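Colleague: The following block contains a protein sequence and its predicted model.
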Amino acid sequence: MFLSQRNLRAASLWSLLLTGLVSTAVAAEPVLSDADLQTLKKEQQKGINYLKNSQLEDGLWTTETVPGISALVTTALLESGVPASDPVVTKSLKRLEGFIKKDGGIYYAKSNHRNYETCISIMAFSAANQGGRYDSIIKNAEKFLRGLQWDKGEGLESSDTSFGGAGYGGHQRPDLSNTQYLIEALRKAGVKSDDPAIQKALVFVSRTQNLESEHNTTPFSSKINDGGFYYTPAAGGTSQAGKTPDGGLRSYGSMTYAGLKSMIYAGVDQNDKRVKAASEWIRRHYSLKENPGMGQQGLYYYFNTFAKALNTLKVEQFKEADGTVHNWRAELINHLASLQHENGSWTNKAERWYEADPNLATAYALLALAQCEPAK
């Protein structure tokens with residue numbers, strides 16, 4: 001049985017006890033006014049209409065050489081309430097099936113992003129998997145992803161900083177962004193949190209956190225020690241937010257939410273020092289105006305990880321370290337409304353990571369908005 005959004009939420013009820021993050025009871029629903037809900041629906045419909053109208057004749061978006069964008073758009077449409085029977089979705093799913101390879105992966109033949117493209121495709125097929133129609137596709141793709149994970153198959157010992165991680169899928173070193181996609185895709189495929197692949201990925205995720213502990217003995221762990229996350233400790237270590245003068249790798253928003261979400265999916269306990277430290281970092285760096293530590297770069301990716309992490313955590317009212325309380329769903333809805341273009345799309349003026357592409361940025365925005373919807 002594949003993991004539903006409802007099961008993901010139920011599995012994370014423990015997170016209601018996270019200190020300072022939640023101020024409402026278990027049964028409480030997201031606090032959204034009628035005006036907020038109307039704004040949400042208006043944004044979603046405009047975004048849906050834009051993506052439907054921007055679909056290429058062959059059923060993809062942007063280009064056939066990057067099917068990950070099309071898979072992300074398809075997932076965004078499905079999670080925004082567009083049924084799998086919709087002609088646009090049916091066409092895109094059929095086209096994505098054309099990328100399935102004999103090894104089970106779902107990727108462009110000359111791609112160096114085989115992990116990323118397969119992970120996003122699993123999410124799309126999982127969201128459309130009515131009656132088990134895509135069971136075999138998802139299961140074969142799961143097996144492919146397991147083979148890409150950096151572990152003993154690559155001759156690595158568990159002490160290696162690359163161990164357990166996932167890269168784009170070529171020979172690139174592993175990173176937290178691709179590893180969080182790996183974990184989420186495996187969970188969507190029905191893999192349990194205690195599965196060896198998930199637990200190996202957790203080893204890597206723990207080493208991307210600026211927290212000195214028995215889970216992280218890398219040279220970087222004690223240099224900043226603020227509980228946030230960065231891109232990768234592998235191959236000498238990299239943070240997209242840069243280094244400190246003594247070689248520390250700076251934490252930043254999108255990776256910290258991705259790391260915390262990944263730990264929840266991997267079954268890390270609420271009282272674990274890693275969860276507590278990450279929770280404190282996000283309490284100190286709440287923002288919708290920027291991707292903390294990165295400014296406007298990767299902003300829409302950040303919106304998506306921000307919303308998915310807080311929704312998975314069942315956070316209703318977000319309390320900052322200074323005591324300020326935020327209705328994060330309402331704030332995100334209205335902030336995205338202020339950024340949406342008249343034609344229904346979103347774009348990022350900071351072009352890094354393809355976010356100037358309206359199809360990609362709009363998909364991220366819709367995925368974020370889907371996390372703001374009241375539970376059905």
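Modeller: Alright, I've got the coordinates. Numbers count the residues shown, from 1 in each chain.
Colleague: Wait, S193 touches R187, no?
Modeller: Yes - with contact defined as CB atoms under 8 Å, S193 counts as touching R187 (7.5 Å). For every residue, glycine as well, the C-beta is placed using N, CA and C.
Colleague: Can I get stretch 319-338 in CSV, CA atoms only?
Modeller: What follows is stretch 319-338, C-alpha atoms only, in CSV (Å, rounded to 0.1, in the frame of the first residue of the first chain):
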residue,chain,number,x,y,z
LYS,A,319,5.9,30.9,17.4
GLU,A,320,9.2,32.7,16.8
ALA,A,321,12.0,32.7,19.3
ASP,A,322,11.0,36.3,20.4
GLY,A,323,7.4,35.2,21.1
THR,A,324,5.8,36.5,17.9
VAL,A,325,3.0,34.2,16.7
HIS,A,326,2.3,33.7,13.0
ASN,A,327,-0.6,32.1,11.2
TRP,A,328,1.9,30.8,8.7
ARG,A,329,-0.7,29.4,6.3
ALA,A,330,-2.6,32.7,6.0
GLU,A,331,0.6,34.6,5.7
LEU,A,332,1.9,32.3,3.0
ILE,A,333,-1.3,32.4,1.0
ASN,A,334,-1.4,36.2,1.1
HIS,A,335,2.3,36.6,0.4
LEU,A,336,2.1,34.3,-2.7
ALA,A,337,-1.0,36.3,-3.8
SER,A,338,1.1,39.4,-3.8
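Colleague: show me the contacts for Q149.
Modeller: With contact set as CB atoms under 8 Å, 6 or more residues apart in numbering, Q149 has these partners: 164-166, 182, 197, 200-201.
Colleague: Would you mind splitting the protein into its domains for me?
Modeller: 5-13+35-289, 14-34+290-376 (automatic domain parsing).
Colleague: and the spatially closest residue to G227 that is not a sequence neighbour, how far is that from N210?
Modeller: Closest residue to G227 in three dimensions, ignoring its sequence neighbours and counting by CB to CB, 6 or more residues apart in numbering: A277, at 3.1 Å. Plainly put, A277 is 8 Å away from N210 if you go by CB to CB, to the nearest Å.
Colleague: If you average pLDDT over each of the domains of the chain, which is lowest?
Modeller: Here the lowest mean pLDDT among these goes to domain 14-34+290-376, at a mean of 87.
Colleague: and of the contacts of Q149, the nearest to N129?
Modeller: Nearest to N129 among these is L182, at 18.9 Å by CB to CB.
Colleague: picking that back up, farthest pair within the contacts of Q149?
Modeller: G165 and A197 (11.4 Å).
Colleague: ok, these two, which is more surrounded?
Modeller: G165 (28 against 18; other CB atoms under 10 Å).
Colleague: In the stretch 151-300 of the chain, what residue spans correspond to helices?
Modeller: 176-188, 196-207, 253-265, 273-284, 299-312 (DSSP state H, counting those that start in this stretch).
Colleague: Out of those, which is the most enclosed?
Modeller: The highest mean neighbour count among these, using mean count of other CB atoms under 10 Å, belongs to helix 253-265: a mean of 27.
Colleague: tell me what that helix is packed against?
Modeller: helix 176-188, helix 196-207, helix 273-284, helix 299-312 (3 or more CB pairs under 8 Å, 6 or more residues apart in numbering; DSSP states H and E).
Colleague: For I333, find the nearest of those helices.
Modeller: Going by CB to CB, the one of the helices and strands packed on helix 253-265 nearest I333 is helix 299-312, 9.9 Å.
Colleague: next structured bit after that closest one?
Modeller: strand 318-319 (DSSP states H and E).
Colleague: Centre of the chain to that following strand, how far?
Modeller: Put simply, strand 318-319 sits 21 Å off its chain's centre (CA atoms, centre = their mean, to the nearest Å).
Colleague: And the contacts of the helix or strand that that strand is followed by?
Modeller: Remark: after strand 318-319, the chain's next helix or strand is strand 325-326, criterion DSSP H and E. Contact with strand 325-326 is made by 23, 286, 317-320, as judged by CB under 8 Å, 6+ apart.
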